[in-house]
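Participant: Take a look and give me a structure for this.
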Amino acid sequence: MKRLIALMLLAAFSAGTLGACNTMAGAGKDVQAVGEKVEEKAEDCKDGKC
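Facilitator: This is a model prediction of the structure:
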């Protein structure tokens with residue numbers, strides 16, 4: 001019984017950890033996209049197209 005509980009806790013912890021990794025990867029992609037838009041706008045302003 002203790003082994004079953006330990007395995008269930010390990011599975012729950014692993015699932016939570018993997019879910020967090022996917023969330024952080026998605027957030028990183030969002031931040032990267034925003035950075036690219038800011039960079040494009042800065043280039044346009046530098047060229048006098050603001």
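Participant: can you map out the helices along the protein?
Facilitator: Under the criterion DSSP state H, the chain contains helices at 2-46.
Participant: Just give me how far stretch 34-42 sits from the chain centre.
Facilitator: 19 Å (CA atoms, centre = their mean, to the nearest Å).
Participant: If you average the pLDDT over it, what comes out?
Facilitator: In this model, stretch 34-42 carries a mean pLDDT of 91.
Participant: So, low pLDDT: which residues of this protein?
Facilitator: Within the chain, no stretch has pLDDT under 70.
Participant: again, only using 80
Facilitator: Applying pLDDT under 80 to the chain flags the ranges 15-22, 47-50.
Participant: Starting from residue 1, give me the distance back to residue 28.
Facilitator: As judged by CB to CB, to the nearest Å, residue 28 and residue 1 stand 41 Å apart. Every C-beta, even on glycine, is put in place using the N, C-alpha and C of the backbone.
Participant: more crowded one of the two?
Facilitator: More crowded of residue 28 and residue 1, by other CB atoms under 10 Å: residue 28, with 10 against 5.
Participant: Who are the contact partners of the more buried one?
Facilitator: For residue 28, no contacting residues are found, by CB atoms under 8 Å, 6 or more residues apart in numbering.
Participant: For it, give its distance to residue 5.
Facilitator: 35 Å.
Participant: go on, residue 45?
Facilitator: 60 Å.
Participant: Repeat that for residue 43.
Facilitator: Between residue 43 and residue 5 the computed distance is 57 Å (CB to CB).
Participant: try residue 24
Facilitator: According to CB to CB, residue 24 and residue 5 sit 29 Å apart.
Participant: can you check residue 27 too?
Facilitator: For residue 27, the distance to residue 5 - CB to CB - is 33 Å.
Participant: same question, residue 44
Facilitator: 59 Å.
Participant: Ok, residue 39 next?
Facilitator: Taking CB to CB, one finds residue 39 at 51 Å from residue 5.
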